[in-house]
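3D, please:
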Amino acid sequence: MSETRHVAIAPTRAQPLPAGARITPHRHDDHQIVYAGRGVLTIDTDAGSWVAPTNRAIWIPAGTVHAHRAHGRSELHLVGLPARDNPLALDRPAVLGVGPLLRELILAYTRDPQDASPERERLRAVLLDQLSVSPRRPFHLPHPTDARLVALCAILRADPADGRTLAALGREVGASDRTLTRLFASDLGMSFPQWRTQLRLHHALLLLADDVPVTAVARRCGWASASAFIDVFRRAFGHTPGTHLR
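Now for the predicted structure:
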């Protein structure tokens, strides 16, 4: 990702984003929390893509070049934190679980960023405290660097429902399934089935944000049935796709 803007102070604010809206690549000298109060946001960096539905937030460390995109009508909430404030001790982007209390804290803290009252300082202290115990959620789609993996992953990004085996895909990109298995582990830090499931869940969230019916999402993302999709989705996000749509 090419760096195009340097915005030294990470803003704290709330703003609506229409479907498809983009915030171009930029970086801050501060840390930032990105949260979707409504809709779904994707955050892209050189290292990979992260998805933020309404029960997830994205931690963006200071100095990380990143871009946002809204899927469905979204409500963006940004919390900027000075580089000295890192309650999670994270030096790379991460997906954080957002429970009811943390959600309300983020919404309240971004509602009036100009407020300098003692009450707001106390709110900030509780927000930092909740962030420090927020569970990490492994929902990250890393970008490959090996040319063979780049080609293979591009095929599946173009059609997440492509159900070919690793051996069959390997014949198309000129690598054996054994070589590709090793590359998935070393280059992406996960197995081929894990990466493909992450890709399909990533794509499913974007389709759901556009109000695509659950049965159509399951088909377009490569699940054999709606019930199989619902089961995987529930295990990944803690609720069903129907609940997510509502």
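
use CA for all of it now, contacts and neighbours both
OK.

need the strands for the protein, in chain order.
13-17, 22-26, 31-44, 48-52, 56-60, 66-81, 94-97, 140-142 (DSSP state E).

how far is the last one from where the chain is centred?
Centre-to-centre, strand 140-142 and its host chain are 8 Å apart (C-alpha atoms, centre = their mean, to the nearest Å).

which residues sit against it?
Residues from elsewhere that reach strand 140-142 (C-alpha atoms under 8 Å, 6 or more residues apart in numbering): 47-51, 94-95, 188, 195, 198-199, 202.

now the residues you listed as a markdown table including distance to residue 134 and pLDDT?
Shown next, in a markdown table, are those (distance: C-alpha to C-alpha, whole Å; pLDDT from 0 to 100):
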| residue | distance to residue 134 | pLDDT |
| --- | --- | --- |
| 47 | 22 | 82 |
| 48 | 22 | 87 |
| 49 | 20 | 88 |
| 50 | 17 | 86 |
| 51 | 17 | 84 |
| 94 | 11 | 87 |
| 95 | 10 | 87 |
| 188 | 25 | 91 |
| 195 | 24 | 95 |
| 198 | 21 | 92 |
| 199 | 24 | 94 |
| 202 | 21 | 90 |
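
Now that we have the strands of the chain, can you turn them into TSV and tack on distance to residue 152?
Listed next are the strands of the chain as TSV, based on distance: least, C-alpha to C-alpha, whole Å:
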stretch	distance to residue 152
strand 13-17	33
strand 22-26	25
strand 31-44	19
strand 48-52	16
strand 56-60	27
strand 66-81	24
strand 94-97	25
strand 140-142	13
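
which stretches of this structure have low pLDDT?
1-3, 138, 243-246 (pLDDT under 70).

what residues go with each domain of it?
For the chain, automatic domain parsing gives the domain ranges 13-140, 144-245.

Tell me which of these is the most buried.
Each of those was scored by mean neighbour count; the highest is domain 13-140, a mean of 19, by mean count of other C-alpha atoms under 10 Å.

Check the offset of stretch 49-56 from the chain's centre.
4 Å.

Convert it to PDB, retaining C-alpha atoms only.
Extracted C-alpha coordinates of stretch 49-56, given in PDB (Å, rounded to 0.1, in the frame of the first residue of the first chain):
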ATOM      1  CA  SER A  49      -7.100  -6.900   5.700                       C
ATOM      2  CA  TRP A  50      -9.200  -6.700   8.900                       C
ATOM      3  CA  VAL A  51     -13.000  -6.600   9.100                       C
ATOM      4  CA  ALA A  52     -14.900  -4.700  11.800                       C
ATOM      5  CA  PRO A  53     -18.500  -5.700  12.200                       C
ATOM      6  CA  THR A  54     -20.400  -4.200  15.100                       C
ATOM      7  CA  ASN A  55     -19.000  -6.600  17.800                       C
ATOM      8  CA  ARG A  56     -15.400  -6.000  16.700                       C
END
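
how near is residue 169 to residue 149?
10 Å (C-alpha to C-alpha, to the nearest Å).

Let me fix that, I meant to ask about residue 42.
Counting by C-alpha to C-alpha - residue 42 and residue 149 are separated by 22 Å.

Identify the single longest helix in the chain, thanks.
helix 192-209 (DSSP state H).

tell me the angle that helix makes with strand 48-52.
Relative orientation of helix 192-209 versus strand 48-52 (axes from the mean of the first three to the mean of the last three C-alpha atoms, to 10 degrees): 40 degrees.
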